[in-house]
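> Got a sequence here, can you model it:
(one chain, ligands or ions: 2)
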Amino acid sequence: MNEWTYEPAPESRDIVTLRSSYGLFVNGEFVDGTGGAFKTVNPATEEVLAEVTQAGTEDVERAVVAARHAFDEVWGPMPGKERAKYLYRIARLIQERSRELAVLETMDNGKPIRESRDVDVPLVAAHFFHYAGWADKLEWAGYGPAPRPLGVAGQIIPWNFPLLMAAWKLAPALAAGNTCVLKPAETTPLSALLLADILQQADLPPGVVNIVTGAGETGRALVAHPGVDKLAFTGSTEVGKEIMRAVAGRRVKLTLELGGKAANVIFDDAPIDQAVEGVVNGIFFNQGHVCCAGSRLLVQESVADAVTERLKRRLQSLRLGDPLDKNTDIGAINSAEQLAKITELAKSGAGEGAAQWQPECALPERGYWFPPTVFTGVSQSHRIAREEIFGPVLSVLTFRTPDEAVEKANNTPYGLSAGVWTDKGSRILWMAQRLRAGVVWANTFNRFDPASPFGGYKESGFGREGGRHGLEPYLAAAGAAEVTGG
Ligand code: NAP
Ligand code: MG
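Ligands and ions are numbered 1, 2, ... in the order given. Here you go, the predicted structure:
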């Protein structure tokens, strides 16, 4: 028990004006759809926030036609330095309206306001600034002297970083001269719709960005649409495979950013307290709803007890509860469905013989919650060591030698990220060369910068987002065969 407690410090939600219902954003306007409506809820309270339009096949068609027209007539022919002005304006407006975006993101997603305010939204603005800088310099990006945009990009994103994933998709596509049809996740559509408002405010020409809300069916319709030249998907490996099958034989450029099961490796010479902070950030940030989460802790046997003991002590001090409270560390699980998935996998961990530990922690009565959880005594065959849990659950395994650490870290179908904690620079380099992961963090974890490419190996997908590399999926080299969707 804590001897003293914090007073509640809730961020006001007055800054957000919710509409009772939202249309689709097509050709620069909010329009009615043909596919009915669905509700989006606040996962911390189960309160219905708004009704959102479910885009049907005809609506997707309308959005693709609008994007094609905008590409042919306005955005494609526009000089890069003019496109850059729009991107800068969007970035500035995101900064101006950052508190509104952060509060809305927290309400719709359940993540702590501290994170949406200090991580998500600043990175969103930074991403638009970064790609604004590229828009008039594409010929120096390393993809040939006169790279061309592809045309219409269909972009499908998940619910864990709703606005940030929208920015990762839109900013490079627009900088390269493409137009977009974006499909946000069903449980978190509201920040993308607020971004649509910002795009209107920025006077972005109609049709350059279109937003079609809906569930998996809407995504499927977008994938199937022959007028799409480029598809970018972030989400589960399962759906990623389905998309690959759907586009086989079609002339469409595809990038997939999928799941992960990252190893966070602590050597016996690591600064233990820093490493423990890194482990906490690695798996409990955003309730563990992070594709690159450090969900497997690999700790050298000689320091395993010391690390787990300090980790548990640290977890006692995490505060779980109202995501709008500025002192909250752990917010709500995004949906009942995700909560059921986490619960089932955690049960399997205990069932297969790992030891489960949770700090003393009262869960709110309404909403979807899961306490921070640590499993020790995990072996590589356990489901909790192999499957992505996408929740605040850490599996602890041990190793004796660096070779064993590498072997265990790479023993996964995924390859998105990894972390290494050691005092020795040479060991960091040795590990980084051997870890099959798109990103390797050294003595830190979950660090993002728009200039730095991000993406996976193996079942974590292909293609890179961020930096110069993030332009490549949206460009064709001069002289390359015409890419058309139909
Ligand atoms: P998901 O079920 O694959 O959904 C992702 C998006 O695809 C959502 O917008 C979803 O719509 C849509 N969708 C569902 N079925 C579809 C279909 N058949 N065709 C086209 N679109 C479809 O993934 P999730 O559960 O929302 O997200 C969690 C997963 O995303 C995790 O595995 C995580 O690792 C991964 N992720 C990866 C990265 C990365 O950069 N590598 C980043 C974040 C998350 P609905 O919302 O309506 O289902
Ligand atoms: Mg929601």
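
> CA only for contacts and neighbour counts going forward, please
Fine.

> show me what contacts T57?
218, 221-222 (C-alpha atoms under 8 Å, 6 or more residues apart in numbering).

> Output those in TSV; the columns should cover distance to ligand 1, neighbour count and secondary structure.
Compiled in TSV, the contacts of T57 are given as follows (distance: C-alpha to the nearest ligand atom, whole Å; neighbours: other C-alpha atoms under 10 Å; DSSP: H, G, I helix; E, B strand; the rest coil):
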residue	distance to ligand 1	neighbour count	secondary structure
T218	7	24	helix
A221	7	17	helix
L222	7	28	helix
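
> Using TSV, lay out those together with distance to K347 and pLDDT.
Listed next are these as TSV, based on distance: C-alpha to C-alpha, whole Å; pLDDT from 0 to 100:
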residue	distance to K347	pLDDT
T218	33	98
A221	36	98
L222	36	98
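
> Buried ones in stretch 421-435, by neighbour count?
421-422, 428, 431-432, 435 (16 or more other C-alpha atoms under 10 Å).

> out of the residues you listed, which are inside strands?
Secondary structure of the buried residues of stretch 421-435 is defined by DSSP state E; positions in strands are W421.

> what about the residue nearest the centre of the chain, distance to G110?
By C-alpha atoms, centre = their mean, the mean C-alpha position of the chain lies nearest to F161, the distance being 4.3 Å. F161 sits 11 Å away from G110, taking C-alpha to C-alpha, to the nearest Å as the criterion.

> In the chain, where is pLDDT below threshold?
Residues of the chain meeting the criterion pLDDT under 70: 1-3, 479-486.

> re earlier: ok, now which ones touch the residue nearest to the centre of the chain?
Contacts of F161 by C-alpha under 8 Å, 6+ apart are D120.

> Can you check the distance spanned by stretch 437-449, start to finish?
17 Å.

> Touching, T187 and V41? I think so.
Yes. With contacts counted by C-alpha atoms under 8 Å, T187 reaches V41, the gap being 7.3 Å.

> which residues do the two both contact?
Common neighbours of T187 and V41, using C-alpha under 8 Å, 6+ apart, are D108.

> And the buried residues of stretch 421-435, which is closest to ligand 1?
Distance ranking of these against ligand 1, using C-alpha to the nearest ligand atom, places L435 first at 16.9 Å.

> how far away is the closest one from H382?
For L435, the distance to H382 (C-alpha to C-alpha) stands at 21 Å.

> The residue in the stretch 301-450 of the chain that ligand 2 sits nearest to is in what secondary structure piece?
At 7.0 Å from ligand 2, N334 is the closest residue in the stretch 301-450 of the chain, using C-alpha to the ion. Assigning secondary structure by DSSP states H and E places N334 outside every helix and strand.

> Check the one 3 residues further on too.
Counting by DSSP H and E, the element that carries E337 is helix 336-351.

> Say whether ligand 2 is contacted by that helix.
No. In terms of C-alpha under 5 Å from the ion, no part of helix 336-351 sits within range of ligand 2; the closest distance is 10.7 Å.

> any idea how far the closest residue in space to W134 that isn't next to it in sequence lies from ligand 2?
Leaving out its chain neighbours, the residue that sits closest to W134 by C-alpha to C-alpha, 6 or more residues apart in numbering is A175, at 6.6 Å. With the distance defined as C-alpha to the ion, to the nearest Å, A175 ends up 30 Å from ligand 2.

> go on, A262?
Shown here: A262 relative to ligand 2, a distance of 27 Å by C-alpha to the ion.

> neighbours around that residue, how many?
The criterion is other C-alpha atoms under 10 Å. On that basis, A262 has 29 neighbouring residues.

> Could you do V208 as well?
When counting by other C-alpha under 10 Å, one arrives at 27 neighbours for V208.

> pretty sure it contacts F71?
Yes. The pair V208 / F71 is scored as a contact, 6.9 Å apart, by C-alpha under 8 Å.

> any common contacting residues for these two?
When C-alpha under 8 Å, 6+ apart defines a contact, the residues bordering V208 and F71 alike are 178-179.

> how about the strands of the stretch 1-150 of the chain, start to end?
Taking DSSP state E, counting those that start in this stretch, the strands of the stretch 1-150 of the chain run over residues 21-22, 24-26, 29-31, 37-42, 47-53, 148-149.

> need the contact list for the closest residue to L471 other than its chain neighbours.
Spatial nearest neighbour of L471, excluding adjacent residues (C-alpha to C-alpha, 6+ apart): P172 at 5.6 Å. P172 makes contact with 131, 466, 470-471, 474 under the criterion C-alpha under 8 Å, 6+ apart.

> Dihedrals phi and psi, P172?
Phi and psi for P172, reported as degrees, to the nearest 10, are phi -70, psi -40.

> go on, the one 5 residues further on?
Listed backbone geometry of G177 is phi 100, psi 10, with angles given as degrees, to the nearest 10.
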